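Generate coordinates for the sequence data below:
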Amino acid sequence: MRHNKKFNHLGRKHSHRKAMLANMAISLIMHKRITTTLPKAKALRVYVEPLITKSKEDTTHSRRVVFSYLQNKYAITELFSTVATKVADRPGGYTRIIKLGRRPSDDAEMAFIELVDFDENMAKTEAKKTRTRRSRKSASKAEAPAAEAPKAEAPAEVEAPAEEAPATEASAE
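The predicted model follows:
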């Protein structure tokens, strides 16, 4: 009986599951986003978020604890330098899972799992401001003088190459 055993075994033995989650965590830390199946993404979230929390405190002990899980010094360096500085003020929820639909070959549910602070697309959408009608009118008036300025500079640019052309012919003779 499996009463109160809520851990997803992912159809693997303990050692295989441990190695798979460690490799996926390394890939997530190095690439900031990976594509996998939905159950693996949910298992990876449970695996990697405590490691990211541990990386906020950059001590020898915390580095050794995280290294005992990941066994990759390049991933540890990336985690403690780049990732930890970005998530320093975040109290948790370092990853985001985005469902992608089903895989055509075996109909498995697919998902992105990514580090939240490293997604440039989400950051750009949050920075957009809505414009009012008045701001559009003032923006069009501001663009009009800017459009006239390049016309005045254009003849100066045309004259410069014309002067240089005879000089290059003279140097060739």
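
which residues in this protein form strands?
If DSSP state E is used as the criterion, the strands of the chain fall at 33-37, 95-102, 109-115.

Which strands border the second one, and is each parallel or antiparallel?
Each strand that pairs with strand 95-102, with its direction, by DSSP bridges: strand 109-115 (antiparallel).

buried ones in the strand it pairs with?
Residues M110, A111, F112, I113, E114, L115 are the ones in strand 109-115 that count as buried (16 or more other C-beta atoms under 10 Å). No exception for glycine: its C-beta is placed from N, CA and C like everyone else's.

can you list these in a markdown table and add pLDDT?
Supplementary listing: these in a markdown table, determined by pLDDT from 0 to 100:
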| residue | pLDDT |
| --- | --- |
| M110 | 97 |
| A111 | 97 |
| F112 | 94 |
| I113 | 96 |
| E114 | 95 |
| L115 | 95 |
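
what's the closest of those residues to H61?
Distances from H61 to the buried residues of strand 109-115, taken as C-beta to C-beta, are shortest for L115 (23.6 Å).

check contacts around that closest one.
L28, I29, K32, R33, V83, K86, V87, Y94, T95, R96 (C-beta atoms under 8 Å, 6 or more residues apart in numbering).
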